[in-house]
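Asks: The sequence and its predicted three-dimensional model are supplied below.
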Amino acid sequence: MTQSVDLILTNALLITMNEELQIFEPGALAIQGDSLVAVGTESEIRESYSSSQSVDCGGKILMPGLINAHTHVPMTLLRGLADDLRLDVWLMGYMMPVEREFVSPDFVKLGTQIACAEFIRSGVTSFADMYYFEEDVARAASEAGLRGLCAQTVLKFPTPDAGSYEDSLAMARDFIKRWVGHPLIVPSVAPHAPYTCTDEILKATAQLAAEFDVPLHTHLSETALEVENMRRETGMPVIPYVKKQGLFEAKVLAAHCVHIDEGEMRTLRHLGAGVAHNPTSNLKLASGVAPVTKMLEVGLNVGIGTDGPASNNDLDMFEEVRLAAILAKNHTNDPTSLPASTALTMATRLGAQAMHIGHLTGSLEAGKRADLILLDISRIHNSPRFKRDSQNIYAQIVYASKSTDVTDVMVNGKWLMRENTLLTLNEVDLLKAADAYARKIDTFLTAREQSVLSKLIALGGSAEEESFEVQVKVKVADQTSVLKGLNNPEIKIIRKRHYRQHDTYFFFEDDAQGRLRYREDDFIDDSNLVTNVRGRLTLLGVKREGTFGHDILLSRSRFLAPATHSQRFYREYFKPEKELTIEKDRLRWLVIFKEEEFFINLDRLIQPELGFFLEIKSRTWSRKDAEEKAALVEELITLLGASTHDVVTDDYTEIVDKK
C-alpha cells in the first residue's frame, strides 16, 4: 500500500546536493505540505507514494534552489547609479547620500519585489539580506514566496530608518520578536561592519542575536584598507578584533572575508561562523579575491552571494557560481581547484549552512523544505550532454547553464514560477514603478553634481561659517624677530600651539565654485613628537576685499567638515581640475593686544621652500570694526619686528603660484 502525498515530481535528472552528492536518473520526489517526504529513483517513489497531483519533469534537471548568501535586495532601485568607482567613493559618495534622500518603506518594498522577481526567474529560492526597514524586506519577500534571512542594519551614525544606533537596535529587537518562527523568514540583525560600528554596537548586536538564537549578518575584511586601518588602530586584524568584542557569541554570517589568513579561517570555523563569497562584487570594486579554496580546506561553510545589485550589478547566481569556480582556479594557479561540484555545493548546501539554515534547505533530502527548481539543459548553448561520467552534469550546470534555463521554481512546497511564468509578482507594474524612482534619483543627482558645495553637503557633517576678518601675511627673514617681539609687554599670550600642516587645495574649472582645502594637522608637543592628527575640509568661497592702506581680507564664506576619508577619496569624489600641495610648520599664538584678540601664526613653508611668513588675523563684525583692527594689525607687524612694506596680500596658494 502506498502513502498518499500532496505532489509527486517524476521523470527528472534529480541532483540532490546532499553529503554524498547522490544523483537519480530518472529520479522523483514526493512532497507533503511544505516538505520533502522522499527522494530517490522514479521506480522507488512510484512504488511507495501516490498522489492526485503529479508533474512530469520532462527529463529536466530537478535540483535544490540556489542560495544567495549575501545581498542588499532593495538596492535593485540603485542598479547602475554609480559604477567604476572604488568602494569607499561608491559607498560614501553616492550610495549613502542617495539612500538618505530616498530610502523609505515604499522604496524598500518595491526594490525587494523587483529582486524577488529576478531571484525567482534565475532559480534562487533563499537569500541573506542586509538593509534598512528590513521588516518591509521580510514582508515583501514572504508575499513573493521566497525564503529569506533578513537582517536589520545597525550603524554608528544615523540611517534612513533610524536617528541613532539605539533606534536601530530597538527596531531590530521588535522585528526579530515579531518574525521569529515564521515559515519563510528568519529575522536577524546586521552590524554593518567593524569600521561603521562601535565596540558597543558589535557587543549589543551579538547579545541580541544570541538572545533570540538568530543569525548575525555582517561584512568582515572586505578590503585591504579596512584590515590595514584595523591593525593601525587596534593592533590586531579584523577577525581577532571582532572576536574580542564578543561578536561570535552569535551565529555569524560573515560577508566577503577577502583579506583573512589561515589562522583567522580556523577561528571562524571553530566559532561556527559561515562565510559568503562575493566574487563579482569583489572584482568589480577591486577589493581582491577571497581565498575560498583554503577556506574550504579548513572546513569552513562557504556560500556564494551576489552582494547588492548596485555593486554587482545583477542577482544572477548562475553567473556567480561559474565565476567562483573559474576565479579560484586562476587565483591558485590550479585548474583542479574548486571543481564544478564544489562550486555548486557552495551555492546550495554549503550556502544554507553558512546562513545557519542548513536544517531547512540547501539539498533535496527527506525532511527538508520543498525548495527546488527545474532546469532545462536541452537548449543549444548546453548541448550535447555526455553521460560517460556522472560528474559531468555538475560541469554542465556550472560552466554552460544560464539563469534563463530555469523554467520552474518551488519554495516551501508552493510553485512561484511555472513554465517561465511568474505566479506571485507582476513584472510590468514593477518596471513602471522602478522607472519613476529612477527619474527622481536622476533629478536629485544632477542637481547635486552641479556644485562642489552640494557635493560636500551630501557627504554629511558640514557646517557653514561666514568668516569676517582682517588678515595679512608678511614675509620675514627668520623667526628671531617675531619670537622676540612676542615678549613685548603690550602683547598678552593666551595660548600657544605647534602644528605641522599638510594642505592640498583642489581647484575647479569654474572659479565661482571656490577652492576646497583638504588639511591634515599634526599636533606637535614640546619634544617635537606628533601627539594627535586632525583632518579637515574647508570649502573657501570667493574672497571679498576692502582697502585700508594695505589690502585686507574682509569676508569669505566657508563650509567646514571633518575629513573622515582619505585624500584620494576626495580627489576621486570631487574631480578637481588641478591640485596644489603646501606643507608648513606653524607656530600659533592666541594673543590680546590693546584689548582685542588676534591670532598670530609664524609659518615656515617646507613645500615649496619659501621661508618664513608672519600671519596675523582677527575676526570682525563690521566694516568699521575691520578698519579699527586693521590699524592694530599694522602696529602688531611693527612690534613683531616686521615691516609693513613686506605685507603679502595674497593667500598661500597665490604666493606659490607666483613663485
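Replies: Noted; the coordinates are in hand. All of these numbers come straight from a predicted model, not from anything done at the bench.

Asks: any idea how far residue 600 is from residue 34?
Replies: Per CB to CB, to the nearest Å, residue 600 is found 78 Å from residue 34. In this view, the C-beta of every residue, glycine as well, is placed from N, C-alpha and C.

Asks: neighbour-wise, which of those two wins?
Replies: Of the pair residue 600 and residue 34, residue 600 is the one with more neighbours under other CB atoms under 10 Å, namely 23 against 18.

Asks: Please tell me I have it right and that one contacts residue 633.
Replies: No. Applying CB atoms under 8 Å, one finds residue 600 not in contact with residue 633, separated by 10.1 Å.

Asks: shared neighbours of the two, anything?
Replies: Listed as contacting both residue 600 and residue 633 by CB atoms under 8 Å, 6 or more residues apart in numbering are residue 616.

Asks: Break down the stretch 401-550 of the chain into its helices, ranges please.
Replies: If DSSP state H, counting those that start in this stretch is used as the criterion, the helices of the stretch 401-550 of the chain fall at 427-448, 452-459, 480-485.

Asks: Need the winner for burial among those helices.
Replies: Ranked by mean neighbour count under mean count of other CB atoms under 10 Å, those are led by helix 452-459, which reaches a mean of 19.

Asks: ok, back up a step: any chance of the helices of the stretch 401-550 of the chain in CSV with distance to residue 181 and mean pLDDT as columns?
Replies: Listed next are those as CSV, based on distance: least, CB to CB, whole Å; pLDDT from 0 to 100:
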stretch, distance to residue 181, mean pLDDT
helix 427-448, 29, 94
helix 452-459, 41, 86
helix 480-485, 75, 91
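
Asks: out of those helices, nearest to residue 562?
Replies: For residue 562, the closest of the helices of the stretch 401-550 of the chain is helix 452-459, at 9.8 Å, according to CB to CB.

Asks: Please enumerate residues in contact with the closest one?
Replies: Counting by CB under 8 Å, 6+ apart, 92-93, 97, 447-449, 462, 508, 513-514, 516, 537, 539, 559, 561, 573-574 sit against helix 452-459.

Asks: From the chain's centroid, how far away is that helix?
Replies: Centroid separation for helix 452-459 versus its chain: 20 Å, with CA atoms, centre = their mean, to the nearest Å.

Asks: Residue numbering should commence at 208 henceforth.
Replies: Sounds good: first residue 208 from here, last item helix 659-666.

Asks: With just CA atoms, put it into PDB.
Replies: What follows is helix 659-666, C-alpha atoms only, in PDB (Å, rounded to 0.1, in the frame of the first residue of the first chain):
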ATOM      1  CA  VAL A 659      31.100  71.500  -5.100                       C
ATOM      2  CA  LEU A 660      29.200  72.800  -2.200                       C
ATOM      3  CA  SER A 661      26.200  70.500  -2.700                       C
ATOM      4  CA  LYS A 662      28.500  67.500  -3.100                       C
ATOM      5  CA  LEU A 663      30.200  68.400   0.200                       C
ATOM      6  CA  ILE A 664      26.900  68.700   2.000                       C
ATOM      7  CA  ALA A 665      25.800  65.400   0.500                       C
ATOM      8  CA  LEU A 666      28.700  63.700   2.400                       C
END
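
Asks: Direction-wise, compare it with helix 634-655 and give the angle.
Replies: If you take axes from the mean of the first three to the mean of the last three CA atoms, to 10 degrees, helix 659-666 sits at 130 degrees to helix 634-655.

Asks: follow-up on the earlier one: between the helices of the stretch 608-757 of the chain, which gets nearest to residue 530?
Replies: Among the helices of the stretch 608-757 of the chain, helix 634-655 comes nearest to residue 530, with 25.9 Å by CB to CB.

Asks: Can you tell me which helices and strands that closest one packs against?
Replies: The helices and strands touching helix 634-655, judged by 3 or more CB pairs under 8 Å, 6 or more residues apart in numbering; DSSP states H and E, are helix 303-309, helix 312-328, helix 659-666.

Asks: I'd like to know which of those helices lies nearest to residue 624.
Replies: Residue 624 lies closest, by CB to CB, to one member of the helices and strands packed on helix 634-655: helix 312-328, at 5.1 Å.

Asks: Can you report how many residues lie near the nearest residue to residue 365 once chain neighbours are set aside?
Replies: Nearest non-adjacent residue to residue 365, counting by CB to CB, 6 or more residues apart in numbering: residue 371, 6.6 Å away. Other residues lying near residue 371 total 14 when counted by other CB under 10 Å.

Asks: if I look at the residue most central in space within the chain, how far off is residue 488?
Replies: Nearest to the mean C-alpha position of the chain, by CA atoms, centre = their mean, lies residue 298 at 5.3 Å. Distance of residue 298 to residue 488, given as CB to CB: 12 Å.

Asks: just to revisit the earlier point, quick one: buried ones out of the contacts of helix 659-666?
Replies: Among those, those scoring as buried are 299-300, 304, 655, 669, 715, 720-721, 723, 744, 746, 766, 768, 780-781 (criterion: 16 or more other CB atoms under 10 Å).

Asks: of all the residues you listed, which two lie farthest apart?
Replies: Maximum pairwise distance among the buried ones among the contacts of helix 659-666 (CB to CB): 21.6 Å, between 299 and 721.

Asks: and the gap between residue 258 and residue 699?
Replies: Distance of residue 258 to residue 699, computed by CB to CB: 96 Å.

Asks: Please disregard the earlier target; I meant residue 225.
Replies: Per CB to CB, residue 225 is found 84 Å from residue 699.

Asks: More neighbours: these two, which one.
Replies: Comparing residue 225 with residue 699 by other CB under 10 Å, the one with more neighbours is residue 225, at 17 against 13.

Asks: got a list of what that one touches?
Replies: By CB under 8 Å, 6+ apart, residue 225 lies in contact with 556, 570, 571, 572.

Asks: neighbours around residue 312, how many?
Replies: Look at residue 312: counted by other CB under 10 Å, it has 16 neighbours.

Asks: So it is in contact with residue 344, correct?
Replies: No. Contact status for residue 312 versus residue 344: not in contact, 9.9 Å apart, counting by CB under 8 Å.

Asks: Poorly predicted segments of the stretch 208-357 of the chain, please.
Replies: Within the stretch 208-357 of the chain, not a single segment meets pLDDT under 70.

Asks: and with 90 instead?
Replies: For the stretch 208-357 of the chain, the stretches flagged by pLDDT under 90 are 208, 289-300, 302-304.

Asks: For the stretch 208-357 of the chain, which segments count as helices?
Replies: Secondary structure of the stretch 208-357 of the chain (DSSP H, counting those that start in this stretch): helices at 249-255, 294-295, 303-309, 312-328, 341-351.
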